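In: Predicted model, plus sequence, below.
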There are 2 protein chains.
Amino acid sequence: MSNKHVVILGAGFAGLNAVRVLSRESGVRVTLVDRNNYHLFQPLLYQVASAGLEAPQIAFPIRAYLRRYKNARFLMGQAEGIDPAAKVVLVEGKPIAYDYLMVGTGTRTNNFGLPGVAQYGFGMKGLEEALRIRDRILSACEEAGRTADAERRKALLTFVIVGGGPTGAELAGIFSEIRRHVIPRDYPELNIEEVRIVLIETGKRILDAFTVSSAQYAEDYLKHMGVELLLGQRVTEITAMGVRLGSGHFIPSFTPIWTAGVTGQTLPGLTTVRGNRVETTPALHLPADSSIYIAGDMNFTQWKDGKPHPQVAQPAIQMGLLAARNILRDLHGQEKLVFHYKDKGNMATLGRNNAIAEIGRLHLRGFVAWSAWLAVHLYYLIGFRNRALVLSNWAYSYFTYDFAVRVLHERNNFPVINHDERDPFVDKTDSRNEIEDL
Amino acid sequence: MSNKHVVILGAGFAGLNAVRVLSRESGVRVTLVDRNNYHLFQPLLYQVASAGLEAPQIAFPIRAYLRRYKNARFLMGQAEGIDPAAKVVLVEGKPIAYDYLMVGTGTRTNNFGLPGVAQYGFGMKGLEEALRIRDRILSACEEAGRTADAERRKALLTFVIVGGGPTGAELAGIFSEIRRHVIPRDYPELNIEEVRIVLIETGKRILDAFTVSSAQYAEDYLKHMGVELLLGQRVTEITAMGVRLGSGHFIPSFTPIWTAGVTGQTLPGLTTVRGNRVETTPALHLPADSSIYIAGDMNFTQWKDGKPHPQVAQPAIQMGLLAARNILRDLHGQEKLVFHYKDKGNMATLGRNNAIAEIGRLHLRGFVAWSAWLAVHLYYLIGFRNRALVLSNWAYSYFTYDFAVRVLHERNNFPVINHDERDPFVDKTDSRNEIEDL
């Protein structure tokens, strides 16, 4: 076997697991391409957005991971297109020849072209997006403490989450704990009655990947924690001032978080179907080109009930492993294997000691589910150091009701509400003309 | 005693220690003002710049610190001026009345008006500045691995540090360790012979706060680690391409770090002397106004040999404590105390097990000094959690020769070197027209 070159686009769960398999074969060279220098452990991204974990605790340097794999190299850059005829992928203007290509570029936030979502909504897919949410919330709390305008304070202290999937539910849960345990101690000047957490979902219930009874349990718990659940409500617009619903209702909020949809990060040269995903054979390569594999969130093969695989970590891990195995089998002239998803279940955390988990017929709730969630997520975190650090941060938060990291990096400015339409140049939002002597 | 309002500008070592003293007095209300929401443990800032520690490990949330002090509140904002006659300080347009004011706003980078320093130099005073240096270095290493232009790679891999004080020496030391232990494993495509670390100092020796023999030890060690020491050399200009010296010599570098000077962060209403610092009485208040105290780096009282106190943590801590005590003594009609600096010595770390320390007549070097340095810095880190996390990160780096956090947040772009003056539109910097098949 000659020295074959495998190019992998995306250092997500699919890409890293593919590298692991391919590295066993000395006759293969691997180039892993990612526009970031880190692998992001996306299941814990909501912890970064809510100041519970610091970025490096869920972002693992790709080069550190590749150290143990001598036949793999890393190339930081944005993949721009594929030329299947020439077997070349373009990375930032540079053509790179491949023998096999595995695309595992995942998804990004989908705003469905709704007005204002791209401009004013806060996405929750990337690390930088999560950090922007954290800065936003910390800035809003500081600003709320000093504004004399009650209406503006309301918009500052209203946190709207659009989308009732796991990310939305997890954010709502952790925000409700911050309201209860952190704000009274850190912001004594704020009235926590004024802090609103609103979760908006188009469907009749949240968490549709779970059974009705688990979802009902989650809804009851979030309501108990003071989250306002707006079910069967569609967002039609996001403005600088807040969120407009299909009902015409407007929710004033300077922090509208958009978790309502994702779309595949495709690239020119691939033919996509619904959700910008790509259909493959059961062996995970393109029907017309057995040198191009698609793994993870981007893959649109059927799973059950006519639906594709869920866009979560487990299918990505399993697809990355199988795609890599099939590349090796192809090199050795062996027949390719067919992908069979081993469903390991669903989990969503709702708070510091509450979660729901469905593993086959086993349905868990409350502290038991939370413990299982903790164990699974720590287990899958890459790298010993991260696991230990994440656990220590969690233990700290758990026992102190505190949140570990609250460093505000980039302070946000917020719109000023003009209460006098006739004279827009009169700033009535704070009492700057009076000397404050609290 | 009526309810007196003490306003403290700056949550540095002086400000936080003043809050601690003032909080003992129930008849006093304290407002602590800072433009950031965190206290920065500046002695470890070089660890953030070199990816050894994460930002929250040296940045402690002010509101968390203030929780235990019921008579203190926090106001995030930029102080803009003082009106001593009206006893009012302006914070972002808002006038705040005070009975006593303590200014501890510290210093910022001073570029001395040298051409290009503000635009192309990387400062090392604030947290965001340190994070920018980290992103710069990580970006430069990635870019160096892919450029085919040897001259450009040279500028990417040359890290110039201007200023031979503790910050400059510490950065040079840690960079030399990264070159030796991290780059060969993380960037196998780079030739570490091409990585240059240059330390430029105007004086005849580095570390002028130390004795000649300690400084000589540090110089010998840095040279042994491959740092190029340019002593008695003055920087005259920094451009997008590198650093120009008074000798006319030009060092191509895309990462020129400027640690060569600081200037007081003064504000309108204060009269400053050299270095934008403010002279006070020995009791630390203004000669003409006993309601305004100046503490920390901003204070220009004489210490010994006609020089003011050094601009490091210890004088700031001790001044903050004394200024607060004098405010309370004034309220009680007691005579004010005179500041006597208790010199606790000087320390600078040179590497993972090397440092110099001068504590009175005790001069330490090597591992013993490094252990003392570690103990002192951990002791002074605010908050138990931070201490434990910092120690665990250090232990990890120490035993693995690894560096803990290498998450690249904002990728930098670098200039392209034009090798053909006659046709500036021909891009010869990389082989984009050839297909790479490594």
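Out: Cool, got the structure.
In: Please look at A:Tyr100 and A:Leu286 and confirm they touch.
Out: No. A:Tyr100 is beyond contact range of A:Leu286, at 11.5 Å (criterion: Cβ atoms under 8 Å). Any C-beta I mention is one placed from the backbone N, CA and C, and that applies to glycine too.
In: shared neighbours, those two?
Out: Counting by Cβ atoms under 8 Å, 6 or more residues apart in numbering or on different chains, the common neighbours of A:Tyr100 and A:Leu286 are A:292-293.
In: Who has more neighbours out of the two?
Out: A direct count of neighbours by other Cβ atoms under 10 Å in any protein chain shown for A:Tyr100 and A:Leu286 places A:Tyr100 higher, at 26 against 19.
In: which residues pair with the more buried one across the strands?
Out: On the basis of DSSP bridges, A:Tyr100 is bridged to A:Val6.
In: In contact with it, which residues?
Out: Taking Cβ under 8 Å, 6+ apart, one finds A:4-7, A:291-293, A:327, A:330 in contact with A:Tyr100.
In: Go again with 6 Å.
Out: A:6, A:291, A:327 (Cβ atoms under 6 Å, 6 or more residues apart in numbering or on different chains).
In: Show me which of these is closest to chain B.
Out: A:Val6 (12.1 Å; Cβ to the nearest Cβ).
In: circling back: top of the contacts of A:Tyr100 by neighbour count?
Out: Ranking the contacts of A:Tyr100 using other Cβ under 10 Å puts A:Ile327 first, with 29 neighbours.
In: which one is the closest residue to chain B within the stretch 151-300 of chain A nearest to, not counting chain neighbours?
Out: At 4.1 Å from chain B, A:Asp186 is the closest residue in the stretch 151-300 of chain A, using Cβ to the nearest Cβ. Spatial nearest neighbour of A:Asp186, chain neighbours left out: B:Arg63 (4.1 Å); criterion: Cβ to Cβ, 6 or more residues apart in numbering or on different chains.
In: same check, this time on A:Leu44
Out: In space, and not counting its chain neighbours, A:Leu44 is closest to A:Ile58: 4.7 Å by Cβ to Cβ, 6+ apart.
In: Give me the distance between that neighbour and A:Val28.
Out: To A:Val28, A:Ile58 is 30 Å away according to Cβ to Cβ, to the nearest Å.
In: thought the residue nearest to A:Asp186 was touching B:Phe74?
Out: Yes. B:Arg63 is in contact with B:Phe74 according to Cβ atoms under 6 Å; the separation is 5.5 Å.
In: Tell me, how many residues neighbour A:Gly366?
Out: Count around A:Gly366 with other Cβ under 10 Å applied: 16.
In: should've said A:Asn354
Out: The number of residues packed near A:Asn354 is 21, by other Cβ under 10 Å.
In: and the stretch 51-200 of chain A, which residues reach chain B?
Out: A:54-56, A:59, A:61, A:63, A:67, A:76, A:88, A:93-97, A:142, A:185-186 (Cβ under 6 Å from any Cβ of the partner chain).
In: Apply 7 Å and report the result again.
Out: A:54-56, A:59, A:61, A:63-64, A:67, A:73, A:75-76, A:88, A:93-97, A:128, A:138, A:142, A:146, A:185-187, A:189 (Cβ under 7 Å from any Cβ of the partner chain).
In: which of these count as buried?
Out: Among those, those that count as buried by neighbour count (16 or more other Cβ atoms under 10 Å in any protein chain shown) are A:54-56, A:59, A:61, A:63-64, A:73, A:75-76, A:88, A:94-96, A:138, A:142, A:146, A:186-187.
In: Check the spatially most central residue of chain A and give its pLDDT.
Out: Taking Cα atoms, centre = their mean, the centroid of chain A lies closest to A:Lys125, which sits 3.5 Å from it. Note for A:Lys125: predicted pLDDT of 93.
In: Tell me the secondary structure at it.
Out: Following DSSP: H, G, I helix; E, B strand; the rest coil, we place A:Lys125 in the coil state.
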